[in-house]
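In: after the sequence you'll find the predicted model.
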Amino acid sequence: MIQHEDACFGCGAVCRMSCSLYDKQNILLFCDKCRREVDTLYEIDIKFTSRQLCDRCLLDIFESSEGKCEECGDEDTVYDIDGRLLCENCALDKFTVLTEEDM
């Protein structure tokens, strides 16, 4: 979930003319599942609903085992993504990434 929050602390009438934060917004990213504030979200469609999840919650959706990544060859925990066994890095690369800088 993407939330916008006022950056200005509301220091009064003087604020409107002198505060560099007046009328600015901070962008906060929250995982739709665990509700933690994070730096990066991954967009995924689940049952015709778009959700924005942190890396931990996203990978928890998929079955995992120890093995060899079919994409990069690393031997590590692999996740079954659309019938392919992928390591964490290769699996996360398959999803749309949302960061504060992108907003």
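Out: Done, it's in. Numbers count the residues shown, from 1 in each chain.
In: how close does Ile81 sit to Asp60?
Out: Distance from Ile81 to Asp60, counting by Cβ to Cβ, to the nearest Å: 13 Å. Where you see a C-beta, it was placed from the backbone N, CA and C, and this is true even at glycine.
In: isn't Ser64 right next to Ile81, touching?
Out: No: Ser64 is beyond contact range of Ile81, at 10.3 Å (criterion: Cβ atoms under 8 Å).
In: in this protein, which spans are strands?
Out: Applying DSSP state E to the chain gives strands spanning 2-6, 25-30, 37-38, 40-46, 49-53, 64-68, 75-81, 84-86, 96-99.
In: any low-confidence regions in the protein?
Out: 1, 3-26, 48, 101-103 (pLDDT under 70).
In: how about the nearest residue to Cys31, chain neighbours excluded?
Out: In this structure, Cys31 finds its nearest non-sequential neighbour in Cys54, 4.0 Å apart by Cβ to Cβ, 6 or more residues apart in numbering.
In: list the contacts for that neighbour?
Out: By Cβ atoms under 8 Å, 6 or more residues apart in numbering, the contact list for Cys54 reads 31, 33-34, 36, 38, 40-42.
In: could you dump the residues you listed into JSON lines and include distance to Gly73 and neighbour count?
Out: Below are the contacts of Cys54 laid out as JSON lines (distance: Cβ to Cβ, whole Å; neighbours: other Cβ atoms under 10 Å):
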{"residue": "Cys31", "distance to Gly73": "30", "neighbour count": "21"}
{"residue": "Lys33", "distance to Gly73": "30", "neighbour count": "15"}
{"residue": "Cys34", "distance to Gly73": "31", "neighbour count": "12"}
{"residue": "Arg36", "distance to Gly73": "32", "neighbour count": "11"}
{"residue": "Val38", "distance to Gly73": "29", "neighbour count": "20"}
{"residue": "Thr40", "distance to Gly73": "25", "neighbour count": "14"}
{"residue": "Leu41", "distance to Gly73": "28", "neighbour count": "26"}
{"residue": "Tyr42", "distance to Gly73": "23", "neighbour count": "22"}
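In: include distance to Cys69 when you put those residues into TSV, please.
Out: Output for the contacts of Cys54, formatted as TSV (distance: Cβ to Cβ, whole Å):
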residue	distance to Cys69
Cys31	25
Lys33	25
Cys34	25
Arg36	27
Val38	24
Thr40	20
Leu41	23
Tyr42	18
